[in-house]
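K.L.:
attaching a predicted model along with its sequence, questions to come.
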Amino acid sequence: MGIIKWYSFYSVKNEAIDSQHKMLFETFNRLYDKCMANDEIDYALAINDLLMYSEQHMSSEEQYMRDINYADIEAHLEMHQTFANKIKELQNCCVVTDNDCCRELIVVLGNWLLSHEIEEDRKFVEQDVVV
């Protein structure tokens, strides 16, 4: 069921990036549901998948920002790096059945979705409309 729902007003007006954002929402909701149900989760696999997918997504998004000459790209790239570093940090400390790891992943990814995907990414959409 999940707790974070995708709404059309989250759209960045780029179909590929919107699809990637939706996939991150789905990833979060699956992880949240499993954690709340105390289902066994292979954290190493979940974190590895999240890291790989995030890196692919960020690369696409960064190229889009370059294409539109996004004015604040450097700050945005720094946010991406900070997120990737946090996921890598979790990768180094989580064990296969660690509920604390599950909660930490939920907090990190949830905050990312709510503050970065919804708020920060809207900024380059707004600039693209002006350009």
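P.N.:
Nice, I can see it.
K.L.:
who's in contact with the nearest residue to Gln91 once chain neighbours are set aside?
P.N.:
With sequence-adjacent residues excluded and distances taken as Cβ to Cβ, 6 or more residues apart in numbering, Gln91 is closest to Ile47, at 4.7 Å. Placement of C-beta: from N, CA and C, glycine included. By Cβ atoms under 8 Å, 6 or more residues apart in numbering, the contact list for Ile47 reads Ile87, Leu90, Gln91, Cys94, Leu105.
K.L.:
next one: phi and psi at Ile41?
P.N.:
Ile41 adopts backbone torsions of phi -130, psi 130, taken as degrees, to the nearest 10.
K.L.:
list the residues that contact it.
P.N.:
Leu31, Lys34, Cys35, Thr97, Cys102.
K.L.:
next SSE after whichever helix or strand the residue nearest to Gln91 is part of?
P.N.:
Using DSSP states H and E, Ile47 maps to helix 43-67. Sequence order places helix 73-93 as the next helix or strand after helix 43-67, per DSSP H and E.
K.L.:
go ahead and confirm Leu105 touches Tyr32.
P.N.:
No: with contacts defined as Cβ atoms under 8 Å, Leu105 does not count as touching Tyr32, sitting 9.1 Å away.
K.L.:
more neighbours: which of these two?
P.N.:
Taking other Cβ atoms under 10 Å, Leu105 and Tyr32 do not tie; Leu105 has more neighbours (25 against 20).
K.L.:
gap between that one and Glu74?
P.N.:
Between Leu105 and Glu74 the distance is 28 Å, computed by Cβ to Cβ, to the nearest Å.
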